[in-house]
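Undergrad: The following comprises the amino acid sequence and a computationally predicted model.
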Amino acid sequence: NFDPEPVPEGQYDLRIANCEAKESKAGKPMYQMMVIVEDQEYPNAQPINFFLSIPQKSDDPKAAQFKMQQIKRFLICFGIPFEAHGFADEDVVGATASQVSVGQTEPNEEGKVYNEIHLPRAK
């Protein structure tokens, strides 16, 4: 079976393979990352889609703060340099993180399960 499969819940080394600026279903800007699980035990590991929402002036302050917190956690986790005004897109692809907690989603309507990244809290 060559179909990519979700990995069991656990700690994995991850690498960002792709980063694309997109719009959410609601039309808000975000980044979609394709993250690869780098584990020889799971050569067929399904790539993980990870979304970072970009805070907007129209956001509720709590929502904007949560988005900023998620971005900061992601950048720290993957060792991507950043400043108050943001980060350089070219620093994202190829960035790696060690021993990150990866979970699984609940099965969707078709019974498919996907992996999801659980970012560590930023210190």
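TA: Arrived safely, thanks for sending.
Undergrad: where along this protein do the helices fall?
TA: Listed in chain order, the helices found in the chain under DSSP state H are 61-77.
Undergrad: which residues in it form strands?
TA: Taking DSSP state E as the test, the strands found in the chain are 10-23, 29-37, 48-53, 82-83, 86-87, 96-104, 115-118.
Undergrad: just for this protein, where's the confidence low?
TA: Flagging of the chain using pLDDT under 70 yields the residue ranges 1, 123.
Undergrad: What separation do you get for the spatially closest residue to Pro81 that is not a sequence neighbour and Lys67?
TA: Setting aside the residues directly before and after it, Pro81 is nearest to Asp91 in space (C-beta to C-beta, 6 or more residues apart in numbering), at 5.9 Å. For the C-beta atoms, the positions are set from N, CA and C on the backbone; glycine is no exception. Using C-beta to C-beta, to the nearest Å, Asp91 is found at 19 Å from Lys67.
Undergrad: With Lys112 instead?
TA: With the distance defined as C-beta to C-beta, Lys112 ends up 27 Å from Lys67.
Undergrad: Out of these two, name the residue with the larger neighbour count.
TA: Neighbour comparison, Lys112 and Lys67: the larger count goes to Lys67, with 18 against 10 (by other C-beta atoms under 10 Å).
Undergrad: OK, contacts around the residue nearest the centre of the chain?
TA: The centre of the chain sits closest to Phe50, judged by C-alpha atoms, centre = their mean, with a distance of 3.1 Å. Contacts for Phe50 were tallied using C-beta atoms under 8 Å, 6 or more residues apart in numbering; they are Gln32, Met33, Met34, Val35, Phe74, Glu116, Ile117.
Undergrad: show me the contacts for the fifth one.
TA: What it means is Phe74. Remark: with contacts taken as C-beta under 8 Å, 6+ apart, Phe74 is in contact with Phe50, Leu52, Ile80, Leu119.
Undergrad: what's the answer for the fourth one, then?
TA: Contacts here follow C-beta under 8 Å, 6+ apart; on that basis Val35 touches Leu14, Arg15, Ile16, Ala17, Pro47, Ile48, Asn49, Phe50, Ile117.
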